[in-house]
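[1] only the shape, not the letters, is given here:
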């Protein structure tokens with residue numbers, strides 16, 4: 001009886017006050033810009049809060065601060081493995097990572113003896129994938145190829161000043177560097193060769209946290225609104241960029257150029273579960289430090 005009363009109170013609160021959705025600060029504002037700009041709405045009101053670092057969002061997810069959150073798939077898998085009740089609803093980011101260079105590059109063997117700078121930190125998607133590719137090409141990460149980590153804005157400054165020669169970055173930071181170097185590797189193409197996928201890398205998606213899974217209608221409505229927002233942004237690029245620029249201090253021209261090498265497409269988990277599982281399983285096999293445990297069925301909503 002007590003559980004029923006709590007559930008009714010929670011549902012009433014959601015319908016009256018709406019829900020908060022935690023979304024990464026950065027280029028991933030673009031696909032939710034239509035929600036931020038109130039161009040797309042659902043039955044359930046959505047208030048978007050932007051998180052700026054992993055420690056912040058992991059803390060909020062672990063404390064059940066919000067029922068909906070957008071996260072990197074690898075980060076969410078590790079949060080789930082730590083015991084947090086989090087489930088993947090769908091994937092919306094499939095293409096964004098590239099290796100750039102300002103010196104000669106023939107293939108991955110060209111990285112031997114070099115240092116590659118990567119954004120955010122060890123264990124993130126591009127870090128895990130690059131280590132995987134190095135092993136596949138007979139190189140030992142941290143031995144044959146050194147890694148260094150810094151904020152993407154700092155990497156851009158170092159690359160443009162020629163103080164570093166190689167960087168594995170997401171867009172739009174790649175576009176910000178192309179006047180000082182070039183793209184030498186498309187991580188999505190490499191992953192597609194390995195996995196026989198045509199979708200790219202399951203990079204980030206929409207998750208639900210905790211007891212909200214008891215309210216299927218609420219999840220369906222939020223998912224529907226999220227999907228519409230991604231589609232609206234892709235079909236109204238200038239409008240979505242104008243909204244994005246209010247939150248993200250990167251010139252719209254750079255953001256627009258970066259979209260030529262970025263794929264935001266919402267795919268519900270029942271249509272891409274194998275893609276996600278295969279990605280996490282492969283990353284775990286090659287780099288268990290980054291993905292210590294492959295999530296079980298409880299990681300997926302449907």
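    That came through, no problem. It should be emphasised that the depicted structure is a prediction, and the values quoted were computed from it without experimental measurement.
[2] any idea how far residue 217 is from residue 224?
    Residue 217 is 10 Å from residue 224, where distance means C-beta to C-beta, to the nearest Å. Placement of C-beta: from N, CA and C, glycine included.
[3] actually, residue 69.
    Distance from residue 69 to residue 224, by C-beta to C-beta: 17 Å.
[4] more neighbours, the two?
    residue 69 (24 against 15; other C-beta atoms under 10 Å).
[5] name the helix or strand for that one, please.
    strand 68-72 (DSSP states H and E).
[6] only the buried residues of the following helix or strand past that strand, if you could.
    Counting by DSSP H and E, the element after strand 68-72 in chain order, helix or strand, is helix 73-81. Residues of helix 73-81 classed as buried by neighbour count (16 or more other C-beta atoms under 10 Å): 73-80.
[7] in terms of secondary structure, what does helix 73-81 contact?
    Judged by 3 or more C-beta pairs under 8 Å, 6 or more residues apart in numbering; DSSP states H and E, helix 73-81 is in contact with helix 54-62, strand 86-95, helix 125-136, strand 204-209, helix 269-286.
[8] out of those, which gets nearest to residue 42?
    Taking C-beta to C-beta as the measure, the helices and strands packed on helix 73-81 were each checked against residue 42, and strand 204-209 came out nearest at 13.1 Å.
[9] next, the angle from the next helix or strand after the closest one to helix 269-286.
    Downstream of strand 204-209, the first helix or strand assigned by DSSP H and E is helix 216-235. In terms of direction (axes from the mean of the first three to the mean of the last three C-alpha atoms, to 10 degrees), helix 216-235 departs from helix 269-286 by 80 degrees.
[10] what angle do helix 216-235 and strand 86-95 make?
    Orientation check (the same axes, to 10 degrees): helix 216-235 against strand 86-95 gives 10 degrees.
[11] mind checking how far helix 216-235 is from the chain centre?
    Chain-centre distance of helix 216-235: 17 Å, with C-alpha atoms, centre = their mean, to the nearest Å.
[12] pull the residues that contact that helix.
    Helix 216-235 has contacts (C-beta atoms under 8 Å, 6 or more residues apart in numbering) with 11, 14, 19, 21, 30-35, 39-44, 46, 68, 89-90, 92, 206, 208, 212-213, 240, 264-266, 268, 301.
[13] of the helices and strands packed on helix 73-81, which is nearest residue 294?
    That would be helix 269-286 among the helices and strands packed on helix 73-81, by C-beta to C-beta, at 4.9 Å.
[14] tell me which residues of that closest one come out buried.
    269, 272-273, 275-277, 279-280, 282-284, 286.
[15] quick one: residue 90 and residue 267 touch, right?
    Yes. Using C-beta atoms under 8 Å, residue 90 makes contact with residue 267 at a distance of 6.0 Å.
[16] domains for the protein, by residue range?
    According to the TED database, the chain comprises the domains 19-94+203-299, 97-193.
[17] circling back: in PyMOL, how would I select the buried members of the contacts of helix 216-235?
    Selection of buried members from those for PyMOL, criterion 16+ other C-beta under 10 Å:
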select buried, resi 14+19+21+30+31+32+33+34+35+39+40+42+44+46+68+89+90+92+206+208+212+213+240+264+265+266+268+301
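[18] specify the beta-bridge partners of the residue positioned nearest the centre of the chain.
    With distances taken as C-alpha atoms, centre = their mean, the chain has residue 204 as the residue nearest its mean C-alpha position (3.2 Å). When assigned by DSSP bridges, residue 204 has beta-bridge partners residue 72, residue 93.
[19] what's the angle between the strand holding residue 69 and helix 54-62?
    In terms of direction (the same axes, to 10 degrees), strand 68-72 departs from helix 54-62 by 140 degrees.
[20] and of the buried residues of helix 73-81, the nearest to residue 59?
    residue 79 (10.6 Å).
[21] quickly note the distance from that closest one to residue 292.
    Distance from residue 79 to residue 292, by C-beta to C-beta: 12 Å.
[22] ok, residue 249 - how many residues close by?
    Neighbour tally, residue 249, other C-beta under 10 Å: 7.
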